[in-house]
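Asks: fold the following.
(2 chains)
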There are 2 protein chains.
Amino acid sequence: MLTENIIKTLQKIVGSENVDCKKSSLLVYSYDATPQFQSPPDAIVSPRNTKEVSEIIILCNKHHIPIVPRGSGTNLSAGTTPLEGGIVLLFKHMDQILEIDEENLTITTQPGIITKDLIEFVESKGLFYPPDPSSMKISQIGGNINENSGGLRGLKYGVTRDYVLGLEIVLPNGDIIRTGGKLAKDVAGYDLTRLFVGSEGTLGIITEATLKLIPKPETKKTMLALYQDLDAAARSVSAIIANRIIPATLEFLDQPTLQVVEDFAQIGLPTEVKAVLLIEQDGSPAIVEKDMNKIADICRENNAVEVSIAKTYEEAEALTTARRAALSALARLKPTTILEDATVPRSEIANMVKAIEEIAQKHHVKICTFGHAGDGNLHPTCLTDIRNEEEIERVEKAFEEIFHKAIELGGTITGEHGVGAMKSAYLHLKVGSAGVEAMKQIKHSLDPNNIMNPGKIFAKSERKRVVVAR
Amino acid sequence: MLTENIIKTLQKIVGSENVDCKKSSLLVYSYDATPQFQSPPDAIVSPRNTKEVSEIIILCNKHHIPIVPRGSGTNLSAGTTPLEGGIVLLFKHMDQILEIDEENLTITTQPGIITKDLIEFVESKGLFYPPDPSSMKISQIGGNINENSGGLRGLKYGVTRDYVLGLEIVLPNGDIIRTGGKLAKDVAGYDLTRLFVGSEGTLGIITEATLKLIPKPETKKTMLALYQDLDAAARSVSAIIANRIIPATLEFLDQPTLQVVEDFAQIGLPTEVKAVLLIEQDGSPAIVEKDMNKIADICRENNAVEVSIAKTYEEAEALTTARRAALSALARLKPTTILEDATVPRSEIANMVKAIEEIAQKHHVKICTFGHAGDGNLHPTCLTDIRNEEEIERVEKAFEEIFHKAIELGGTITGEHGVGAMKSAYLHLKVGSAGVEAMKQIKHSLDPNNIMNPGKIFAKSERKRVVVAR
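Replies: Model (predicted):
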């Protein structure tokens, strides 16, 4: 609990209108997009500038008060649940694009801007910011950076990390540092920029970012390849890459996912097939034409029952929008939707899809699978009901087996959603206990009082994903 | 000094033939490619595998013996000078490619392989490993990773960091950890991979790396644009990018550099012009054709006096090989060659080139400038004589002013050569004293006894670049 005095000091720093302790607000910020985790903060604070952020962190560091920086809370790893109370930090006053530099191809922005707003602004200048997490309509750039968000264009263009050139960071001791810059090359000391990207708000607070832009691809084409055999779809993915073609997007949806997405989006998706690949290529018209023809051939050679290229921009947009809505669509079916993102080398996609099916059957749980096949980044999604304790127990077991399988295949426990509170108990599976220890040492060196988003990344025990109550 | 006992233990670990304490060897490994720094190690040790590396580091950590991991010593920041003695670690027994995975487009290698050998092997499979430091004929991949090496293709393809997917690392406590993997996406905890890339051997020892490959571009064209005006050349660089074209290579050479390179390479380079841009584009033939025509137009519009495209592969290779030889060519002129790599946003290239000229004139020192103009990464190179103390004093002053100018223009003190011992006194100019402090905390958390490459990155004092004697 925050003392009266601390709340008064916070009010003095940010203005009383920017400190919210209403019970209803604390409830709203007690959870994020991740099911099964809930715990209220003691206050919600909205600083107006970096100086205020620094004053807040100094106050909290002195009194050992947890700080949870939060964008739109769309993360899927309980990364912004205030598990140990304290302050939720919002960036609603720090949501401005500060500069677009068309000569150096950079954009400098505050953390609170909505990802899609930034992308649209950039595209209006003929430039391109590729990272496109499915939540981009509501997610904030600051959240994307803290989570190192991926998206549908990761295969060809990489993830958020690959576009962060520089950061302004407030460290737990209140120091304000600037890393990187508008620079294609910079090796002045350790790469703090990339250490902070994906650090899930556990090392400090990002208050500004300079992002790399690239020229906007001239054109884009979108294709659906339909399969009556999951394995054939997976083999197509490998064959496309083995043929030295890197599509912009290479998504996989299984039949159960297709059915709910079509039910939700009503755009005429095929629901009678076992799996679909959604494939996009972008670039100059000649290259796109050539690649798409070659990809169509490869899909057919690998037993696609049908291959169709979207005829209009609108038709193509409808397809990718429907894919992005997969989670929302699935979430309508059952009270609780648990979505995972175990990731494997792309050559193992077929094995992973098969393993997920077998594990689901073994534990009698319903798992739909879709995801970024080209990245090996699948999202097996379990439709369940949190009130059914016995079933949740089986879901836990199934996901644990999925994690182990991913690791066995050379993969990771999380491709783009982060560790958060949800997967902290599994981190050692990927990086080993020595790896966890090294990460903890780094965390402790920058945040000795553990005020930054405590309870995330590092497990207190081998606790599994269960409802957390304070 | 190492005790008899420690040397015996080292011999037991790696075999006595792999512990070298001969005076002549200690002299050889007392310096690297950086002038003005020399200090002998106490032994040169060549482990045969990761387990031996771990045993060595445990021994050294116990007895506080410095370890300097060294590739071919081609770095230009005194990054591998054993300033505090101890052990130089060589990777001559750990120089094998372990696997090329054509389905996942990765190569897994030991650190000791020569960069160019790896590149040629990869290209023989129709794949491409873009980072191409000028030293690639003799540099080792392990050194490239530790220095986050850049190269001529950085503008379009990025630097070493962008191609390191996973590492095996031996930490100072002897723990062997594995980061990343054959994964396009992985957010399991902090990004240790990228923390270690560019850490200059100060955090641990890299014993294996998995690198990302991409399809080899179908074709490539090479162009020279000649200028009688440095500013026109710099404006062309900005105009090319502003026209949304990202060439594979965009190099700048001034007249003094051109003259010595031509004298060295004898390939008919124009020596009567003030500056040259060497431009390459790669990709599909249609795109390359289109881009090169557009680039030629842009150069002419910006007052290029001549634009010529290499007619054959051999002619093109001769041009880039000559460019890569710039440092060797310059080094023939005077006893001492000091090469810098202050880097600025590319929009500031013209200002930076002008500033370098003015600073050289002011201090009466001879500075030739060449470098990766597209990256804003210039290599002003001073031809001097280390025995002329008065002149060296002026050289120091000139470079200090160049650093300050680069920072003033939004740049950095080092784009691709690293901080090493040479620039440690200037690191705070780029990252601030709070930034240096944060980096020191990370260093201390992983290497509390400061055994890993001590004296690098972090300055003991504001000591300038002078000859170091023990």
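
Asks: can you list the residue ranges for strands in the stretch 51-200 of chain A?
Replies: A:67-69, A:87-89, A:97-101, A:106-109, A:127-128, A:164-170, A:176-180 (DSSP state E, counting those that start in this stretch).

Asks: need the ones you listed in CSV (columns: mean neighbour count and mean pLDDT).
Replies: In this view, the C-beta of every residue, glycine as well, is placed from N, C-alpha and C. Shown next, in CSV, are the strands of the stretch 51-200 of chain A (neighbours: other C-beta atoms under 10 Å in any protein chain shown; pLDDT from 0 to 100):
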stretch, mean neighbour count, mean pLDDT
strand A:67-69, 28, 98
strand A:87-89, 27, 98
strand A:97-101, 14, 97
strand A:106-109, 23, 98
strand A:127-128, 18, 97
strand A:164-170, 24, 98
strand A:176-180, 21, 98
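
Asks: okay, those strands in a markdown table with distance to chain B next?
Replies: Output for the strands of the stretch 51-200 of chain A, formatted as a markdown table (distance: least, C-beta to the nearest C-beta, whole Å):
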| stretch | distance to chain B |
| --- | --- |
| strand A:67-69 | 16 |
| strand A:87-89 | 20 |
| strand A:97-101 | 7 |
| strand A:106-109 | 8 |
| strand A:127-128 | 8 |
| strand A:164-170 | 9 |
| strand A:176-180 | 5 |
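
Asks: up against chain B, what does the stretch 251-400 of chain A have?
Replies: Where the stretch 251-400 of chain A comes near chain B, counting by C-beta under 8 Å from any C-beta of the partner chain, the residues are A:284, A:286-287, A:290, A:343-347, A:372, A:374-377.

Asks: between these, which is nearest residue B:352?
Replies: Taking C-beta to C-beta as the measure, residue B:352 lies nearest residue A:284 of these, at 32.9 Å.

Asks: could you measure from the closest residue to residue A:364 other than its chain neighbours over to residue A:385?
Replies: With sequence-adjacent residues excluded and distances taken as C-beta to C-beta, 6 or more residues apart in numbering or on different chains, residue A:364 is closest to residue A:394, at 6.5 Å. Residue A:394 sits 12 Å away from residue A:385, going by C-beta to C-beta, to the nearest Å.

Asks: quick one on the thing from earlier: how many neighbours does the residue nearest to residue A:364 have?
Replies: Using other C-beta atoms under 10 Å in any protein chain shown, residue A:394 has 17 other residues around it.

Asks: so what touches the host helix or strand of it?
Replies: In this structure, residue A:394 sits in helix A:389-408 according to DSSP states H and E. Helix A:389-408 is contacted from outside by A:36, A:336, A:338, A:340, A:342-344, A:352, A:355-356, A:359-360, A:362-365, A:367, A:380, A:382, A:384-386, A:412-413, A:423, A:426, A:429-430, A:464-465, using C-beta atoms under 8 Å, 6 or more residues apart in numbering or on different chains.

Asks: now that helix: mean pLDDT?
Replies: Average pLDDT, helix A:389-408: 95.

Asks: what's the answer for stretch A:269-280, then?
Replies: Stretch A:269-280 comes out at a mean pLDDT of 94.

Asks: end to end, how far does that stretch reach?
Replies: End-to-end span of stretch A:269-280 (C-alpha to C-alpha, to the nearest Å): 16 Å.

Asks: kindly report the same for stretch A:322-339.
Replies: 17 Å.

Asks: how about stretch A:33-49?
Replies: 27 Å.

Asks: how far does that stretch sit from its chain's centre?
Replies: Mean-position distance between stretch A:33-49 and its chain equals 18 Å (C-alpha atoms, centre = their mean, to the nearest Å).

Asks: same thing with stretch A:32-44?
Replies: With C-alpha atoms, centre = their mean, you get 18 Å for stretch A:32-44.

Asks: that one spans what distance, first to last residue?
Replies: One end of stretch A:32-44 to the other measures 14 Å (C-alpha to C-alpha).

Asks: wait, does it contact chain B?
Replies: No: Stretch A:32-44 lies out of reach of chain B by C-beta under 8 Å from any C-beta, never closer than 14.8 Å.

Asks: get me the contact residues on the stretch 1-150 of chain A for chain B.
Replies: Near chain B, when you scan the stretch 1-150 of chain A using C-beta under 8 Å from any C-beta, you find A:101, A:102, A:103, A:104, A:105, A:126, A:127, A:147, A:148, A:150.

Asks: my guess is the third one contacts residue B:346, does it?
Replies: What it means is residue A:103. Yes: here residue A:103 lies in contact with residue B:346, judged by C-beta atoms under 8 Å, at a distance of 7.3 Å.

Asks: name the residues contacting each of these two.
Replies: B:238, B:241.

Asks: list the contacts of residue A:376.
Replies: A:343, A:344, A:345, A:346, A:348, A:349, A:352, A:411, A:415, B:183, B:184, B:185.

Asks: how much space between the residue nearest to the fourth one when sequence neighbours are not counted and residue A:303?
Replies: It refers to residue A:346. Distances taken as C-beta to C-beta, 6+ apart put residue A:376 closest to residue A:346, at 4.2 Å, once the chain neighbours are dropped. Distance, residue A:376 to residue A:303, by C-beta to C-beta: 21 Å.

Asks: is residue A:413 in contact with residue A:427, as I believe?
Replies: Yes: using C-beta under 8 Å, residue A:413 is in contact with residue A:427, at 6.9 Å.

Asks: could you name every residue contacting both of those two?
Replies: Contacts common to residue A:413 and residue A:427, judged by C-beta under 8 Å, 6+ apart, are A:419, B:188.
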